[in-house]
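S.K.: Sequence first, predicted coordinates after that:
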Amino acid sequence: MRQEVVSSDITVVGGGLAGVCAAIAAARLGRTVSLVQNRPMLGGNSSSEVRVWVCGATAHGTHRYARETGIMGEMFIENQFRNMDGNPYFWDLVVMEAVRAETNIRLFLNTDVHEAEADGNEDNRTIRSVTGWMMGSERRIRFESAMFLDCSGDGLVGFLAGAKHRVGRESKDEYNEDWAPAVADDITLGSTLLFYTKDAGHPVKYIPPSFAKDITQTTIPMKRVIRSGDNGCAYWWIEWGGEFDTVHDNELIRDELWAAIYGIWDYIKNSGKFDADHMTLEWVGSLPGKREYRRFIGDYVLNQNDIVAQREFEDRIAFGGWSIDLHPPQGMYSTESGSKHLHMDGIYHIPFRSLYSVNVDNLLMAGRDISASHVAFGTTRVMATCAIIGEAAGTGAALSVEKGITPRELHNGHLHELQQTMLRQDASIIGLRNEDPADLALQANVKASSTLTRLAVETPAEAYPLKSDVGLLLPADPDIGGIELLVDAAEAATLAVELWSTGRGENYVPHTLQVSASAQVGKGVKQWVKLDVHWQPAAPQNAFLMIKADERLSLHVSGQPQTGVLAFVKGPTPIVSADLEDHQPSQPVIQWSMRSFVRKPFCFRLLSRTHAFSPAKAVDGFHRPFAGPHLWSSAAMRDDSPEWLELSWVKQVNVKSVHITFNDDVNEDLINLHHHHTPFAILPELIRNYAVEVYANGEWTTVAEGQNNHKRKRVHTLDTAVVADRIRIAAYATNGSLCAEIVEVRVYA
């Protein structure tokens, strides 16, 4: 046996997406990191061993402009570029290469941490080391660090170190949560195994194993959705173990899940109810995907009321948007719906105080073990949310080590620096501006070759009958000064609209009625109908134009998307079977769906000029939509010359690095595996070919360039600082968009 000691600034235990993002974030800030993972691959429940979709704040298109940026966003974009078909092994490679690109990370796979050394009393403890066994290599490794991150999911490191924690459900009275039980208990969400199928192209027989469950003797066929063509996470409901201990009874739970899977496949293949003669099992999981176990207690416990109210924490460092998604304790054998969902009106915020231990002074946590009640955990547990929490925890750990302080001291004395550091790294903290004093772009004057000021979509692709109310989201910047819609009328009718505000900058559903209008429409097709809706809000924000149903009328839908504009339809249609998921269709974000209108707005002409895409938007401090698009957009691209965005200063500045954030349309719901298909490898709005130019000695000189770009953020660090009073980004080609769009430019000396 080899005995080893590994010293680093930070030890991250757990190589799921939370641990991966935590390790990368800390490494990019110059800290040495030991990343310890007890499996042969990274990615946790998203890896090819378990194959769960990476869900996050978009909630599969329920929330708008909600896709994660930062490190998780980089992996989404890279996976889309490499792996449009959702191959789980290619996803493994995307995650692995993201870690291997960081020279400050030492990766220890197949290393199971099972010991922790900590000292102090019950209320004030410090971890000195953790020790793990590397399977297959007979190496016993002791990891020593100033800071430890428990990203293990089950919370083993914190537990061994004596961190205060909870398992199970709190009572309704503890946090005044409507969705909590009357009496606290130790019930958790269960675990799941998944399976893949394929068409073999010839008849395939199936003889079930002796332990396969006869599911006709259970409630499964009556209360769950079974289809021969489904596989993977479509069977997320094969869940069990919530009434057991999901860690200590892990093998018992796995065996029951196996019995169910092989029994379900027996039912599909041999019941005669499905067209499955040529179908065969391609893969069956052997590692249960756990949903819940320990949750640590931090300085703040996030709860249901914070989520629903979208509480705007001063120390917010991450966001979520998945519904509060709770499952019955009996899992797949329950006669209740497989899950029930409580949606908020938009994304919600997560505080830094929920990411560090209340009693272990050098322990941060990220993933499903953060400081949250069981009900709040019902939304924070999904992996893309866990990942951005990981980036926040890793950033907090790096700054704490750099300053020689605890995470609590970082929160109390350096919160602004933590948040600004995250924003510089492209992590999203919704509603916060870049206020980095070192960013020279914030003091620059900005102009452009051209700017989109006339907001219109005029090329129709298909008619859409107004059988129900529909909506059109538009930037009111500075106002809405009337609008025209392209309308067909089977007979004379009245077209009625209402203009609503959305209430909050992060919300995209109607909140408060501002003005109504109507217009008479004569019988005919493709008529531009003017509606006198006028609204000038006190500050730029989004406007929601509600177009009232009338079956005599049709609008025209375009196949050409327009940044800053979304279309919706109102309807009670459930997302899936009510037996499988209870989504409470009266909630606004469920009532107003954009799924059928992604990248397909209604044809319209805004009659007032918009300032929503002015050059100054690229340096206004926001790097994602919030109460408006927050980016510069040129007018249409030209063949003979580039579109450009120019920054200038009254006095010359030293330019050493230029950060450019391009528009990757965070409204586009990307996925790592196969939940849905996005038909392009590169987001069309991303600028493909560009140059960074500086103006010095009377001429423009190219100092950096990008060719065939498919990434959202590019940082160009020059070999030698350049003295200049002007720089510009010249866009020569996009990946399909008609305009050049830049979300943010930063310049550092």
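M.R.: On my side now, so go ahead.
S.K.: Could you say which helix or strand holds Pro437?
M.R.: Following DSSP states H and E, one finds Pro437 outside all helices and strands.
S.K.: What confidence value was assigned to it?
M.R.: We have a pLDDT of 96 for Pro437.
S.K.: and the gap between it and Glu49?
M.R.: Note on Pro437: its distance to Glu49, by Cβ to Cβ, to the nearest Å, is 46 Å. (Glycine included, C-beta is placed from N, CA and C.)
S.K.: Neighbour count: those two, which is higher?
M.R.: Using other Cβ atoms under 10 Å, the more surrounded residue of Pro437 and Glu49 is Glu49, with 17 against 8.
S.K.: ok, now which ones touch the more buried one?
M.R.: Applying Cβ atoms under 8 Å, 6 or more residues apart in numbering, one finds that Glu49 lies in contact with Arg39, Met41, Gly285, Ser286, Leu287.
S.K.: same thing but at 6 Å, please
M.R.: For Glu49, the contact set (Cβ atoms under 6 Å, 6 or more residues apart in numbering) comprises Leu287.
S.K.: next one: phi and psi at Ala234?
M.R.: Per-residue torsions, Ala234: phi -60, psi -20 (degrees, to the nearest 10).
S.K.: Counting neighbours, what do you get for it?
M.R.: Residues near Ala234, counting by other Cβ under 10 Å, number 18.
S.K.: Which elements pack onto the helix or strand where Asn412 lies?
M.R.: Assigned by DSSP H and E, Asn412 belongs to helix 407-424. In terms of contacts (3 or more Cβ pairs under 6 Å, 6 or more residues apart in numbering; DSSP states H and E), helix 407-424 is packed against helix 383-403.
S.K.: Only C-alpha atoms, please: export stretch 690-708 in PDB.
M.R.: Extracted in PDB, the C-alpha atoms of stretch 690-708 (Å, rounded to 0.1, in the frame of the first residue of the first chain):
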ATOM      1  CA  TYR A 690     -13.800  39.200 -35.900                       C
ATOM      2  CA  ALA A 691     -10.700  41.400 -35.100                       C
ATOM      3  CA  VAL A 692      -9.700  43.500 -32.200                       C
ATOM      4  CA  GLU A 693      -8.100  46.700 -33.500                       C
ATOM      5  CA  VAL A 694      -6.400  49.600 -31.700                       C
ATOM      6  CA  TYR A 695      -5.900  53.100 -33.000                       C
ATOM      7  CA  ALA A 696      -2.500  54.500 -32.400                       C
ATOM      8  CA  ASN A 697      -0.100  56.800 -34.400                       C
ATOM      9  CA  GLY A 698      -2.900  57.700 -36.700                       C
ATOM     10  CA  GLU A 699      -3.900  54.200 -37.900                       C
ATOM     11  CA  TRP A 700      -5.800  51.100 -37.000                       C
ATOM     12  CA  THR A 701      -3.800  48.000 -36.200                       C
ATOM     13  CA  THR A 702      -5.100  44.500 -35.600                       C
ATOM     14  CA  VAL A 703      -3.800  43.100 -32.200                       C
ATOM     15  CA  ALA A 704      -6.000  40.000 -31.900                       C
ATOM     16  CA  GLU A 705      -8.600  38.100 -34.000                       C
ATOM     17  CA  GLY A 706     -11.000  35.200 -33.900                       C
ATOM     18  CA  GLN A 707     -11.800  32.900 -36.700                       C
ATOM     19  CA  ASN A 708     -14.600  30.300 -36.700                       C
END
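S.K.: Can you point out the buried residues in it?
M.R.: For stretch 690-708, a neighbour-count test (16 or more other Cβ atoms under 10 Å) marks Tyr690, Ala691, Val692, Glu693, Val694, Tyr695, Ala696, Trp700, Val703, Ala704, Gly706 as buried.
S.K.: Show the pLDDT at the fifth one.
M.R.: Val694 is assigned 96 on the pLDDT scale.
S.K.: what bridges to it?
M.R.: Counting by DSSP bridges, Val694 forms beta bridges with Thr701, Ile727.
S.K.: how near is it to Ile727?
M.R.: Distance check for Val694 against Ile727: by Cβ to Cβ, it reads 5 Å.
S.K.: Repeat that for the third one.
M.R.: Computed with Cβ to Cβ, the distance linking Val692 and Ile727 is 7 Å.
S.K.: Please apply the same query to Ile215.
M.R.: Ile215 is 65 Å from Ile727, where distance means Cβ to Cβ.
S.K.: more crowded one of the two?
M.R.: For Ile215 versus Ile727, neighbours defined as other Cβ under 10 Å are more numerous around Ile727 (26 against 23).
S.K.: unless I'm mixing things up, that one is touching Leu647, no?
M.R.: Yes - at 5.4 Å, Ile727 and Leu647 qualify as touching, with contact defined as Cβ atoms under 6 Å.
S.K.: So Ala182 belongs to a helix, correct?
M.R.: No - applying DSSP: H, G, I helix; E, B strand; the rest coil, one finds Ala182 to be coil, outside a helix.
S.K.: residues contacting Leu683?
M.R.: With contact set as Cβ under 6 Å, 6+ apart, Leu683 has these partners: Asp664, Asp665.
S.K.: Quick check: which element contains it?
M.R.: Counting by DSSP H and E, Leu683 is part of no helix or strand.
S.K.: I'd like the numbering to begin with 15 instead of 1 from here.
M.R.: Sounds good: first residue 15 from here, last item Leu697.
S.K.: Quick check: phi and psi at it.
M.R.: phi -60, psi 120.
S.K.: mind checking how far it is from Asp678?
M.R.: To Asp678, Leu697 is 5 Å away according to Cβ to Cβ.
S.K.: again with Tyr522
M.R.: Tyr522 is 18 Å from Asp678, by Cβ to Cβ.
S.K.: Ok, Thr46 next?
M.R.: Per Cβ to Cβ, Thr46 is found 31 Å from Asp678.
S.K.: which of these two has more neighbours?
M.R.: Using other Cβ under 10 Å as the criterion, Thr46 and Asp678 rank with Asp678 on top: 28 against 18.
S.K.: Can you tell me the closest non-neighbouring residue to that one?
M.R.: Sequence neighbours aside, Arg726 is the residue nearest to Asp678 in space, at 4.1 Å (criterion: Cβ to Cβ, 6 or more residues apart in numbering).
S.K.: Tell me, how many residues neighbour the one you found?
M.R.: 24.
S.K.: For it, which residues are in contact?
M.R.: By Cβ under 6 Å, 6+ apart, the contact set of Arg726 is Ile91, Phe676, Asp678.
S.K.: Repeat the analysis, applying 7 Å as the threshold.
M.R.: Taking Cβ atoms under 7 Å, 6 or more residues apart in numbering as the criterion, Arg726 is in contact with Thr83, Gly87, Ile91, Thr675, Phe676, Asp678.
S.K.: Spatially, what comes nearest to Phe288 if we skip its sequence neighbours?
M.R.: Ser242 (4.0 Å).
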